[in-house]
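Asker: Got a predicted structure plus its sequence, pasted below:
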Amino acid sequence: MSIAAVEQSGRIWRERGLIYGLGAVVSALSLLPLARLLVESVMVRGTPSLDAFGRVLSSPATWTAFRNSMETALGGTAIAFVIGAIVAIVVAMTDIRARSTFVFCFVLPLMIAPQVTALAWLQVTGPASPLLKAIGMAPPLGSRNPLYSGEGIILLLGIQYAPLVFLTLRAGLRSLPRELVEAGLSSGASKWMVLRTIIVPLMTPPLIAGLALSFVSCIGNFGIPAFLGIPGRYTVLPTLIYQRLSGLGPSALSEVAVLSILIGVVAIAGILLQDLMLHRRDFRTTTSSAQFQPFELGRWRLPTEMLLWATITVILLVPLIGLVMTSLVPAYGVRLTTATATLANFRFVLFEHEAARRAFANSFMLAGGAAVLLALISMPLAYFVVWRRTWLLRLLNLAAELPYALPGVVLSIAAILLFLKPIPMLGISLYNTIWIIFFAYLARFLVLGLRPVVSGYHQLDRALEEAAQVAGASLTFRLRTVIVPLVAPAAVAGAILIFLTAFNELTVSALLWSSRAETLGVVVFSFEQGGESNFAAAMSVLTIVVTLAILLLLAALGRHVPAGVLPWRD
Amino acid sequence: MARLILDRVSKSFGDVQVLQDVSIDVRDGEFLAILGPSGCGKTTLLRLIAGFERVTSGEIRIGEKTVSAPNRHVPPEDRQVGIVFQSYALWPHMTVAQNVGYSQRVLGASKDETRKKVAEALGVVGLGGFEDRSPSKLSGGQRQRVALARCLVQSPNLVLLDEPLANLDVHLRASMEDEFSDFHRRSGSTMVYITHDQAEAMAMADRIAVMDRGRLAQLATPAELHDRPATEMIASFIGGGMVLDAEMLASEADGRCVVRLYDADVKARCARRQAPGRLVKLALYPNALSPSADGRSGVACHVTKLTYLGGRFRVEVAPDRAPSTRLFLHVDEVGGIEQGAALRVAVGEGWVIPHAEGLAA
């Protein structure tokens, strides 16, 4: 063989090595845990058996939780739908002012952890509410918080996920060609008529997709039913799994495996519906050139704007104020005045409480580590998926969606099953260490990092790579000098989204944490369970400050980020 | 610099055959244009030569080396082929100098040498002193020149140009055409130029390969392509030629013949002797037609339309024997010509298309 031929075959092997390496990583993160979970549900101590299935499915507790899950998910979705759809239509179609500020504020609840939302609302409505006390309307101490109920869970789920319906519908509205609307108007139809006969029918697929997405998120939500349902003795599937596992330990694993498959099946039905609807977009509406002229509201503009901002006040501002007030109160039930206000709670969680201090460090490192690592994996992975269309990685790209689309408890149970025993051959045990959480974060948030990079590649001209190729550059050289610099902004945006989500996360770590491996979500949860709402509020306020700071950073970075990565951007 | 040989190259994507048995021999230092309407397979041909796609059958050789064959594929990075992309593909995160000097960086050349080569190449394309600019700050024509300079530094075996003028406005095109011709003369490289614009191809190329639905329709010099088009498609694609039904009356061995066109006998050229009475297709350009001087000979027609073109007129006529056919000619003065009037049209020398389609053999 000539030198050139040797060089060439070496390069081909390096390229294959990269493809198989990426394939192995993605399979280990997305397919392996779920396969392990499926095996567990049909095996008892190594022999095939459907005992666990029978036991779980014949237990009345299972069906109570199942019914409650369906009730809260459907109810929450209904509320999310009403709020999200109305706001999307008004925002996308009329000439209200300060649109981007409004969208940013409206989408914000999505970026705040559900358990923080729950905690904040509890501070508004309970007997110890500093807000109600300040206006003298607090119920007597000792009375039950009305949010500790199925209705409370439904309300908060609705508020939490209204932005999801909003975003899907708004994306649909933005791709609606203006000619369709203008043709309706010029044939003499009123704006209402156009809305009813043209826009709503065309928007049915995104509407249903948004509904399905919101349903899947509700069904998998852990933070809200954990904070509201556990004290209210209202159990849903994720909290049932949590309670079984924390009560009985690993001996309950077969049982919770079946429970998590049950919830997974419900979620997959929702995911499939969403997928079907998003792909049923009418091809005739993809010829869009420009967005239509917003409808002028005329004298209705000011009242509409006031209504929109009133909504923001109720769903965002009031709970945040409640949360901040609680974090400033010296002790449970004390009335907040300028004399009683104190920063002692912040001092306590930041400097005095061991676990809380550790949790800040842990969450920063877990979220930061996952963000950086996943961004680094995403750039070559998306390269093969989008530009090279490597079939193996294209399939795995779909598999990578699963751990994020499925409820978090499903992945957590799968991770426990996978790592309960030391890893074969290596003999390393991840169970009861921080590394099992890290693994679960990598698995769950991979797709968050991958999606922006994939859309980044779609927006780049591949000739940029081909120009480097004809100049003689090998794949690794091209990646380093041309490809990575070009997709880096998208990867950074993805990394920031991962960091935000992981930093605020509770669902996964609630099941996987161990002593010395606490996350912020876990510590907030245990403060609240121990009745120390003031400390929980102080920690939550700090996480919100970090979240907001990062979001503003991202907004500043906005120009460099490919279109469609930041949901609130116009 | 090298010879490029395509030997019966075919390419299919799944069931769709995009190229079929294309054979082209590009001489060392030649400027070859590949011309064809969109969808004729010319872009696929370029991507095969560059190595971005694999051939289904056939062979591609650059210089002495086989670079593409069904069981052999040299990757693009090892072909030493330069490409000027339609979108220019300048890297936005690099300066002009970094763009132009990229191939030197690949080779690990020293900074001084790179700087020298970059300055040289930018000088050739008339962009000396633009080293530290960002590509986004350049005009379309300047970007085009940077892309050329990038090619030049690479000293490639072969330069491929993929519709490089498609994104430029009309005024810039003419000057860039001169630029490419200059570039070709100075660098002496073998160049393959892809285009759908026959005027561009005619103006620059030594030879033109006309592609039609995945096949090579004709490979010839611009003059030959114009005077002796091989197929109806080429005759109508080049220079607005007309293709008319005619009947062979007599042909000579030297290629001269007489054909009957409607009610007139006209002289023409043909590729080979053909039997009298045979139906043929006659290719004619508008400048071969004129109003008959004596008003009696020529094809009897009626004027259907008169258009002023600035300085001259375009006359559209329908032969009386074939009222649905239209002939076009240009006149300087209208004289008695008006819509609806009878007009006898004298026919100059035409060309009998050798591979006429749709005719019984």
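Answerer: Thanks, I have it.
Asker: Domains in chain A, by residue range?
Answerer: A:16-49+A:343-562, A:66-340 (automatic domain parsing).
Asker: so which of the ones you listed gets nearest B:A322?
Answerer: domain A:66-340 (41.1 Å; C-beta to C-beta). The way it works is simple: take the backbone N, C-alpha and C, and place the C-beta from them, glycine included.
Asker: roughly how far out does that closest one sit from the chain middle?
Answerer: 12 Å (C-alpha atoms, centre = their mean, to the nearest Å).
Asker: burial measure for A:L343, as a count.
Answerer: 11 (other C-beta atoms under 10 Å in any protein chain shown).
Asker: My guess is it contacts A:V324. True?
Answerer: No: the pair A:L343 / A:V324 is not scored as a contact, 11.7 Å apart, by C-beta atoms under 8 Å.
Asker: ok, longest helix in chain A?
Answerer: helix A:60-93 (DSSP state H).
Asker: Quick one: name whatever helix or strand follows the lowest-mean-pLDDT helix or strand in chain B.
Answerer: One helix or strand of chain B scores below all others by mean pLDDT, DSSP states H and E: helix B:170-187, with a mean of 81. Scanning forward in sequence from helix B:170-187 by DSSP states H and E, the next helix or strand is strand B:190-195.
Asker: any idea of the mean pLDDT in the following helix or strand past that next one?
Answerer: As assigned by DSSP H and E, the chain's next helix or strand after strand B:190-195 is helix B:198-204. Helix B:198-204 carries an average pLDDT of 88.
Asker: Could you give the separation of helix B:198-204 from the chain centroid?
Answerer: The answer for helix B:198-204 is 6 Å, by C-alpha atoms, centre = their mean.
Asker: same deal with stretch A:14-27?
Answerer: 27 Å.
Asker: So what touches that stretch?
Answerer: With contacts defined as C-beta atoms under 8 Å, 6 or more residues apart in numbering or on different chains, stretch A:14-27 is touched by A:377, A:380-381, A:384, A:390, A:392-393, A:396-397, A:399-400, A:446, A:474-476.
Asker: Contacting chain B as well, which ones from those?
Answerer: Among the contacts of stretch A:14-27, the residues within reach of chain B (C-beta under 8 Å from any C-beta of the partner chain) are A:S474.
Asker: Buried only: go through the contacts of stretch A:14-27 for me.
Answerer: A:377, A:380-381, A:384, A:390, A:393, A:396-397, A:399-400, A:446, A:474-475 (16 or more other C-beta atoms under 10 Å in any protein chain shown).
Asker: between those, which is closest to A:A536?
Answerer: Out of the buried ones among the contacts of stretch A:14-27, the member with the shortest distance to A:A536 (by C-beta to C-beta) is A:L446, at 30.0 Å.
Asker: what about that closest one, which helix or strand?
Answerer: Counting by DSSP H and E, A:L446 is found in helix A:434-459.
Asker: now swap in A:P225 and tell me
Answerer: helix A:223-228.
Asker: Show me the shaky parts of the stretch 1-150 of chain B.
Answerer: B:1 (pLDDT under 70).
Asker: domains in chain B, as residue ranges please.
Answerer: Split by automatic domain parsing, chain B gives B:4-232, B:233-352.
Asker: Of all these, which one comes closest to A:L167?
Answerer: domain B:4-232 (29.5 Å).
Asker: That closest one close to chain A?
Answerer: Yes: on the criterion C-beta under 8 Å from any C-beta, domain B:4-232 is in touch with chain A at B:50, B:52, B:74-83, B:85-87, B:89-93, B:102-103, B:105-107, B:150, B:154, B:156.
Asker: Flag every residue of the stretch 401-550 of chain A that's near chain B.
Answerer: Residues of the stretch 401-550 of chain A lying near chain B (C-beta under 8 Å from any C-beta): A:461, A:463-464, A:466-474, A:477, A:481-482, A:485-486.
Asker: Give me the buried entries from those residues.
Answerer: A:463-464, A:466-474, A:477, A:481-482, A:486.
Asker: now for these, which pair is the farthest apart?
Answerer: For these, and using C-beta to C-beta, no pair is farther apart than A:G472 and A:L486, which are 18.9 Å apart.
Asker: Surely A:Q160 is in contact with A:A120?
Answerer: No: using C-beta under 8 Å, A:Q160 makes no contact with A:A120, being 11.2 Å away.
Asker: avg pLDDT for stretch A:228-248?
Answerer: 89.
Asker: how far does that stretch stretch from start to finish?
Answerer: 22 Å (C-alpha to C-alpha, to the nearest Å).
Asker: Check which residues of that stretch are buried.
Answerer: A:228-232, A:234-245.
Asker: Sort out for me which of those residues are in helices.
Answerer: A:228, A:237-245.
Asker: B:S38: how many residues sit nearby?
Answerer: 8.
Asker: hang on, the earlier thing: the helix holding A:L446 packs against which elements?
Answerer: In this structure, helix A:434-459 makes packing contacts with helix A:354-382, helix A:402-405, helix A:408-419, helix A:484-503, helix A:507-512, judged by 3 or more C-beta pairs under 8 Å, 6 or more residues apart in numbering or on different chains; DSSP states H and E.
Asker: between those, which gets the lowest average pLDDT?
Answerer: Minimum mean pLDDT among those: helix A:402-405, a mean of 86.
Asker: Which residues does it contact?
Answerer: A:29-30, A:33-34, A:216, A:267, A:271, A:411, A:443-448.
Asker: which stretches of the stretch 1-150 of chain A aren't confidently modelled?
Answerer: A:1-7, A:44-46.
Asker: Can you find the residue of it that comes nearest to chain B?
Answerer: A:Q8 (6.2 Å; C-beta to the nearest C-beta).
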